[in-house]
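> dropping a prediction and its sequence here:
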Amino acid sequence: ELARRWGQLLIHPKESLTLDLFDEQGDETELPCTREAMACAIIAGCRHRLLTIRERSLRALKDGFIEYVDLRIQMGALSSAELICMMRGNTELTANDLLACFKWPHKDDSPEEEMRAGFAAIGSDV
C-alpha cells in the first residue's frame with residue numbers, strides 16, 4: 001500500500017508535501033512539486049523506515065556477529081554432549097516425536113474442527 005502511494009507521487013507529484021511526511025526527522029519545509037523532489041523524499045522515507053528506525057536493532061545484530069564474548073565460564077558447566085546438542089539441536093526425530101507436533105482431528109470432529117486443523121482424519125486411528 002505504501003509503495004503504491006509513494007509510486008503515485010512519482011507519476012503525479014502533489015503540492016504542499018513536506019519531508020517530515022516521509023521521514024519523521026525531516027524538516028517541515030514544503031517540497032517543490034517536481035518528480036525529482038518526490039524521488040528524494042521517497043528515498044528519505046525508505047531510508048527512515050528501513051534503516052533509521054531499526055538502527056539500534058541492526059547494530060545489536062551486527063555486534064552479535066563481530067563482538068567477542070568469552071563464554072568459557074558459562075559453557076564450562078555443560079558436558080560435551082550437551083554442548084553438541086545445543087549447537088546442532090536434535091539430530092534424530094522419531095515418528096512419535098513428529099506426531100506429537102500436531103493436534104490431530106478425530107473422525108468424530110465437526111467439519112469446522114477439520115478445517116481449523118487443515119486436514120481431515122479419514123480411515124486412520126492415528
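Noted; the coordinates are in hand.

> quick one: low-confidence parts of the chain?
1, 27, 104-111, 113-126 (pLDDT under 70).

> could you pull out the helices for it?
Taking DSSP state H as the criterion, the chain contains helices spanning 2-11, 35-50, 55-66, 72-75, 80-88, 95-99, 111-117.

> pick the most buried one from the ones you listed.
Among the helices of the chain, the stretch with the highest mean neighbour count (mean count of other CB atoms under 10 Å) is helix 35-50, at a mean of 16. Every C-beta, even on glycine, is put in place using the N, C-alpha and C of the backbone.

> angle of it against helix 2-11?
Angle, helix 35-50 to helix 2-11, by axes from the mean of the first three to the mean of the last three CA atoms, to 10 degrees: 160 degrees.

> which residues does helix 35-50 contact?
6, 9-10, 13, 17, 19, 21-26, 31 (CB atoms under 8 Å, 6 or more residues apart in numbering).

> kindly reformat these as CSV containing distance to residue 99.
Output for those, formatted as CSV (distance: CB to CB, whole Å):
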residue, distance to residue 99
6, 48
9, 53
10, 53
13, 59
17, 57
19, 57
21, 53
22, 51
23, 51
24, 50
25, 53
26, 55
31, 60
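
> weed out the non-buried ones from the residues you listed.
Neighbour-count burial within the contacts of helix 35-50 applies to 6, 9, 13, 17, 19, 22-23, 26, 31; the criterion is 16 or more other CB atoms under 10 Å.

> between those, which is nearest residue 79?
Residue 79 lies nearest to residue 23 out of those, by CB to CB, at 52.2 Å.
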